[in-house]
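Enquirer: need a structure here:
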Amino acid sequence: MKRNVILLFILITLINGQLSGQNSAAQKAAEDRIIKVDYTKSAGAFNTMFKQCVGAGRANEGLRADWQQQLAMLKKDCDFKYIRMHGLLSDDMAVYYEDEKGNPQYNYQYIDALFDFIVSIKMKPFVELGFMPSALASGNQTIFWWKGNVTPPKDYKKWEDFIQNLTAHFTRRYGAEEVKTWYFEVWNEPNLSPGFWTGTQEDYFKLYEYAARGIKSVNTAYKVGGPATAGAAWVPETIEFCAKNKVPIDFISTHTYGVKSGYLDEFGTSGTILNKDESSISGDVLNSRQQIANSAKPNLELHYTEWSSSYTPADPIHDSYHSAAYILQKLKQVGNAANSISYWVFTDIFEEAGPRYTPFHGGFGLLNLQGIKKPAYFSYSFLNKLGETELQNKDTSSWVCKNSKGDVQLLFWDFTNTHPGDKVLNQTYYIQDLPSGEKGKVKVEIDGLQKGKYILEIYKVGYKVNDAFADYLAMGRPKQLTAEQVHQIKEKNSGALVASEKVVIDSKGTYSKDFKINENDVFLLNLVKQ
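Expert: Below you'll find the predicted structure:
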């Protein structure tokens, strides 16, 4: 009897295991995604707010040949329109001094060299007005290795005259019609006191008012805004101040990052944790748009002039393949809530904490010091390959577009936040080799296509695919890369096609294909009409 009971128990266990396996398989099948679109059903013009602006560390770095070479490549691949950076008015740009009688003297030779280059590659400056020239500063407090002065001006009238003179210089050099297309942003993150600003909110508003009046005195059509705050702060307060005091303002700017706490890590020594909240980043942007809509100036433009997964220049998530899918997921969630959302920054030529000593150190850049393309780079280069018309699409982690040639582009991804939680820092987790788990299949179906021959081009980013950091890890994380090692990593991570195939569309006009997808994979399909 006892033996029969044991056998029955074993049989029940086996049956339950089988059923469990069947349920698991059924669940997996149910989780497989379907992206179904119709070529003839447009959703309108594709919103390219993601490439309106990109960040750079500081103005003086822009005088370097390698910085300029990287920016020119980025422009070609990703087509960013504007570039924003700190330190335009800092002492290493030699813009302001006073003679022995205290009379202001202006010098724009370094700014001219930088802006001439930016304009030459068909980009525009998003002019951040900061930090304070020491000859105009009221104190000695500085930030960063390159010592940007963060104190209010000793004389606000001299500050206004300086900004007026600089704006007039831009007008003479580039023409009023060009400068009308620029943006003038007053300061950077004044709510982080004493880090970026030793004054109060009231002092910042005074700084803003004098700067805005200086700019508008040259041309009332020039665009000025702020408060360029960390953590999406001071938006209602800034609008209220400007409305109440009749101070000009054309746009709101602010910042957000995807880690759980903190806003400033000057020397890259703090630990960070990627936020598990699905509305991280996008929640701030949507809230800022709502704050503007509820204000006395509901039609102001909204520019997020800094954003990234993490606010520190020593966070290995910036180098990880996880970043590619993360960027796309957040941009998709933001939708049309912002006029621009500027990734911070385009290159690891970035010296807030001083020169970096290793080729991959968690730097902010889409490119590393040697111009190696990180996985994050391909988020933007892939986006730039999408056509000008977006198709109707219910999938929340993809875009489908078409161009006037009859080609169709489908960019889709899986974003899975694999971070283990609050007890593990990004600096410990993302420095590892992190294989990606399977996420089933994505079934792609495109209806309404023209009959004929096509070429399907397939691009991809994921674990060990356009994953330069994985190759660096495999080399043993050398502190310096040889020229040959740089060449090897660049060649392997160029973003080139991973596959292509011939496709024939019959009179039914339908293309269908299944793709296996892993965690944090990114795929770009380009169906090219022959």
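Enquirer: drop to CA atoms for contacts and neighbour counts, all remaining ones
Expert: OK.
Enquirer: any idea how many residues pack against S120?
Expert: Here the number of neighbours of S120 (other C-alpha atoms under 10 Å) works out to 11.
Enquirer: now swap in the one 5 residues further on and tell me
Expert: Close neighbours of P125, defined as other C-alpha under 10 Å, add up to 20.
Enquirer: that one sits in which helix or strand?
Expert: Taking DSSP states H and E as the definition, P125 sits inside strand 124-129.
Enquirer: partner strands of that strand, with direction?
Expert: Strand 124-129 pairs in its sheet with strand 82-86 (parallel), strand 183-186 (parallel), by DSSP bridges.
Enquirer: tell me which residues in that strand are buried?
Expert: The neighbour-count check on strand 124-129 (16 or more other C-alpha atoms under 10 Å) flags 124-129 as buried.
Enquirer: between those residues, which is closest to L527?
Expert: Each of the buried residues of strand 124-129 was checked against L527 using C-alpha to C-alpha; the closest is K124, at 32.6 Å.
Enquirer: what's opposite that closest one in the beta bridge?
Expert: Y82.
Enquirer: picking that back up, dump the strands paired with strand 124-129 to JSON lines, plus mean pLDDT, mean neighbour count and distance to Y97.
Expert: Converted to JSON lines, the strands paired with strand 124-129 look like this (pLDDT from 0 to 100; neighbours: other C-alpha atoms under 10 Å; distance: least, C-alpha to C-alpha, whole Å):
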{"stretch": "strand 82-86", "mean pLDDT": "98", "mean neighbour count": "24", "distance to Y97": "19"}
{"stretch": "strand 183-186", "mean pLDDT": "98", "mean neighbour count": "24", "distance to Y97": "20"}
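Enquirer: and W307, which of the ones you listed is closest to it?
Expert: strand 82-86 (12.2 Å).
Enquirer: ok now that closest one, how far from the chain's centre?
Expert: With C-alpha atoms, centre = their mean, to the nearest Å as the basis, strand 82-86 stands 12 Å off its chain's centre.
Enquirer: start at 2, not 1
Expert: Renumbered: residue one is now 2, and that last one reads strand 83-87.
Enquirer: which residues are contacting it?
Expert: 53-60, 124-132, 189, 306 (C-alpha atoms under 8 Å, 6 or more residues apart in numbering).
Enquirer: show me where this structure has its helices.
Expert: Assignment of helices within the chain using DSSP state H yields the ranges 3-32, 66-79, 110-121, 157-175, 177-180, 202-219, 236-246, 283-294, 323-335, 376-384, 427-430, 469-475, 484-493.
Enquirer: quick one, which of the ones you listed is packed in tightest?
Expert: helix 376-384 (a mean of 24; mean count of other C-alpha atoms under 10 Å).
Enquirer: tell me the angle of that helix relative to helix 66-79?
Expert: Per axes from the mean of the first three to the mean of the last three C-alpha atoms, to 10 degrees, the angle that helix 376-384 makes with helix 66-79 is 40 degrees.
Enquirer: what's helix 376-384 packed up against?
Expert: Here helix 376-384 touches helix 66-79, helix 323-335, going by 3 or more C-alpha pairs under 8 Å, 6 or more residues apart in numbering; DSSP states H and E.
Enquirer: got the CA coordinates for it in CSV?
Expert: Extracted in CSV, the C-alpha atoms of helix 376-384 (Å, rounded to 0.1, in the frame of the first residue of the first chain):
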residue,chain,number,x,y,z
PRO,A,376,26.2,50.9,-27.9
ALA,A,377,24.4,54.1,-27.0
TYR,A,378,25.8,55.7,-30.2
PHE,A,379,23.8,53.3,-32.3
SER,A,380,20.5,54.3,-30.7
TYR,A,381,20.9,57.7,-32.3
SER,A,382,22.5,56.5,-35.6
PHE,A,383,19.6,54.0,-36.0
LEU,A,384,17.0,56.6,-35.2
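Enquirer: so Y223 sits right up against V180, yeah?
Expert: Yes - the pair Y223 / V180 is scored as a contact, 6.9 Å apart, by C-alpha atoms under 8 Å.
Enquirer: just the pLDDT at A31, thanks.
Expert: Note on A31: pLDDT of 44.
Enquirer: same thing with Y264?
Expert: On the pLDDT scale, Y264 is placed at 70.
Enquirer: and stretch 295-304, how far apart are its ends?
Expert: Start and end residues of stretch 295-304 are separated by 17 Å (C-alpha to C-alpha, to the nearest Å).
Enquirer: and that stretch, which residues are buried?
Expert: 296, 298, 301-304.
Enquirer: what's the answer for stretch 411-420, then?
Expert: In stretch 411-420, counting by 16+ other C-alpha under 10 Å, buried: 411-419.
Enquirer: would you reformat those as a markdown table and include pLDDT and distance to Y264?
Expert: A markdown table is the format used below for those (pLDDT from 0 to 100; distance: C-alpha to C-alpha, whole Å):
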| residue | pLDDT | distance to Y264 |
| --- | --- | --- |
| L411 | 98 | 35 |
| L412 | 98 | 32 |
| F413 | 98 | 31 |
| W414 | 98 | 29 |
| D415 | 98 | 28 |
| F416 | 98 | 24 |
| T417 | 97 | 24 |
| N418 | 96 | 21 |
| T419 | 96 | 23 |
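Enquirer: quick check: the farthest pair among these?
Expert: It's L411 and T419 that sit farthest apart of the buried residues of stretch 411-420, by C-alpha to C-alpha, at 24.9 Å.
Enquirer: identify the residues contacting the most centrally placed residue in the chain.
Expert: For the chain, Y344 is the residue whose C-alpha lies nearest the centre (C-alpha atoms, centre = their mean; 2.2 Å). Applying C-alpha under 8 Å, 6+ apart to Y344 gives the contacts 54-56, 306-309.
Enquirer: that older thread, mind checking the strands paired with strand 125-130 for the one nearest to D507?
Expert: With C-alpha to C-alpha, the closest approach to D507 among the strands paired with strand 125-130 belongs to strand 83-87: 43.6 Å.
Enquirer: okay, the angle between that closest one and helix 110-121?
Expert: Using the same axes, to 10 degrees: strand 83-87 against helix 110-121 is 160 degrees.
Enquirer: if we can go back for a sec, now render the helices of the chain as a markdown table, adding distance to Y358.
Expert: What follows is the helices of the chain, written out as a markdown table (distance: least, C-alpha to C-alpha, whole Å):
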| stretch | distance to Y358 |
| --- | --- |
| helix 3-32 | 44 |
| helix 66-79 | 16 |
| helix 110-121 | 26 |
| helix 157-175 | 36 |
| helix 177-180 | 38 |
| helix 202-219 | 36 |
| helix 236-246 | 38 |
| helix 283-294 | 33 |
| helix 323-335 | 22 |
| helix 376-384 | 21 |
| helix 427-430 | 17 |
| helix 469-475 | 15 |
| helix 484-493 | 15 |
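Enquirer: got any ranges where this structure has weak pLDDT?
Expert: 2-32, 268-269 (pLDDT under 70).
Enquirer: let me see the domain layout of it.
Expert: 33-46+392-530, 50-388 (automatic domain parsing).
Enquirer: residue contacts, the closest residue to D434 other than its chain neighbours?
Expert: Leaving aside its sequence neighbours, D434 sits nearest to A471 (C-alpha to C-alpha, 6 or more residues apart in numbering; 6.9 Å). Residues counted as contacts of A471 (C-alpha under 8 Å, 6+ apart) are 434, 464-465.
Enquirer: please compute how far stretch 472-484 lies from its chain's middle.
Expert: For stretch 472-484, the distance to the chain centre is 26 Å (C-alpha atoms, centre = their mean).
Enquirer: please consider this matter closed, and thank you.
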